[in-house]
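Chemist: Predicted model and sequence below, questions to follow.
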Amino acid sequence: MSEAIIEAEGLGIRFVRNRRRQLRLRELFIHRGTRGADDGRFWPLRDVSFAIAPGETVGVIGRNGTGKSTLLRLIAGVLIPDEGRIRVSGDVAPLLELSAGFSNDLTGRENLYLVGGLHGLSSGYLKRHFDDIVSFAGEQVERAIDTSVRHYSSGMKVRLGFAIISHLPHPILLMDEVTAVGDAEFREKCYTTIDRLLGEGRTLVLVSHNEKDLTRFCRRGLYLDAGRLSVDGTIAEALAAYHDAVPR
């Protein structure tokens with residue numbers, strides 16, 4: 001394997017469940033404000049290690065609540081691990097929450113420059129690719145590009161978000177069920193774009209419950225079970241482990 005573009009070693013992160021839960025006066029008196037193991041802390045991911053080489057296509061598989069989306073956010077740098085480390089050697093195009101970063105007070109045009117700039121794109125690059133980005137987002141977005149995005153539907157925001165992120169030149173793609181949004185025509189446009197990006201040698205990490213997407217785009221699979229990496233093998237092996245674990 002060539003030098004890893006993404007490497008995790010002993011990766012773990014801890015969350016607090018019911019952080020704002022108010023204890024009753026009797027509980028506070030009895031427990032003196034401490035509750036030991038029942039303090040709401042849990043580890044959505046722990047002791048996870050793997051390495052991904054440039055150009056690999058990896059599907060992350062597991063039941064709901066097993067840490068799949070949390071893993072993507074750790075790779076993206078949105079979350080900071082409590083244990084271990086994550087090293088990413090290259091810029092990341094995060095196809096996660098596609099309308100994240102949009103300001104409702106700005107127009108679509110202004111948000112395009114804002115979000116593109118947040119991902120390191122120059123105004124010159126965005127000007128050169130502006131027409132392509134807006135055209136990709138579709139006719140509805142084209143007509144409303146100088147309208148405040150507070151008047152956009154959620155679908156329009158997702159289209160514009162995908163159009164912006166898919167034009168990033170970054171070598172790493174992180175995807176979280178993004179092809180599940182939009183109508184059939186838009187999904188097919190997404191598929192074609194992803195195929196093109198992978199053809200350019202991008203590295204893909206995909207979280208999805210859609211087996212067709214996983215087998216179409218991914219060669220390798222990481223199967224997470226209760227926050228632990230249970231299988232690191234082919235996508236077929238990871239899917240088989242998932243099916244064995246799901247009650248029938």
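Modeler: Sure, I can see it. Numbering: from 1, shown residues only.

Chemist: in the protein, which residue is closest to the centre?
Modeler: With distances taken as CA atoms, centre = their mean, the residue of the chain nearest its centroid is L96 (3.7 Å).

Chemist: and the gap between that one and V48?
Modeler: Shown here: L96 relative to V48, a distance of 19 Å by CB to CB, to the nearest Å. In short, each C-beta sits where N, CA and C put it, glycine included.

Chemist: cool, and D176?
Modeler: When D176 is compared with V48 (using CB to CB), they lie 17 Å apart.

Chemist: Neighbour count: the two, which is higher?
Modeler: More crowded of D176 and V48, by other CB atoms under 10 Å: V48, with 25 against 21.

Chemist: For that one, list each beta-bridge partner.
Modeler: Per DSSP bridges, the residues bridged to V48 are L11.

Chemist: I'd say it and S230 touch.
Modeler: No. Using CB atoms under 8 Å, V48 makes no contact with S230, being 10.2 Å away.

Chemist: what sits in contact with each of the two?
Modeler: Here V48 and S230 have L224 as joint contacts, going by CB atoms under 8 Å, 6 or more residues apart in numbering.

Chemist: Break down this structure into its strands, ranges please.
Modeler: Counting by DSSP state E, the chain has strands at residues 6-16, 41-52, 57-61, 83-88, 92-95, 172-176, 203-207, 220-225, 228-234.

Chemist: Which among these is found nearest to E110?
Modeler: Across these, E110 has its closest neighbour in strand 92-95 (20.6 Å, CB to CB).

Chemist: and the closest one, what does it pack onto?
Modeler: If contacts are counted by 3 or more CB pairs under 8 Å, 6 or more residues apart in numbering; DSSP states H and E, strand 92-95 sits against helix 68-76, helix 154-165, strand 172-176.

Chemist: Just checking: what are the partner strands of that strand?
Modeler: In the sheet, strand 92-95 lines up with strand 172-176 (parallel) (DSSP bridges).

Chemist: Quick one: work out the angle between the strand it pairs with and strand 83-88.
Modeler: Taking axes from the mean of the first three to the mean of the last three CA atoms, to 10 degrees, one finds strand 172-176 and strand 83-88 inclined to each other by 120 degrees.

Chemist: for the record, mean pLDDT for strand 172-176?
Modeler: Across strand 172-176, pLDDT averages out at 92.

Chemist: For the protein, name the helix or strand with the lowest mean pLDDT.
Modeler: helix 25-31 (a mean of 50; mean pLDDT, DSSP states H and E).

Chemist: so where is this protein shaky, pLDDT-wise?
Modeler: For the chain, applying pLDDT under 70 flags the ranges 1-2, 18-39, 99-100, 178-182, 247-248.

Chemist: cutoff 80 now
Modeler: Applying pLDDT under 80 to the chain flags residues 1-2, 17-40, 96-101, 177-184, 246-248.

Chemist: circling back: how about the residue nearest to the centre of the chain, nearest residue that isn't a chain neighbour?
Modeler: Closest residue in space to L96, ignoring its immediate chain neighbours: D176 at 4.8 Å, by CB to CB, 6 or more residues apart in numbering.
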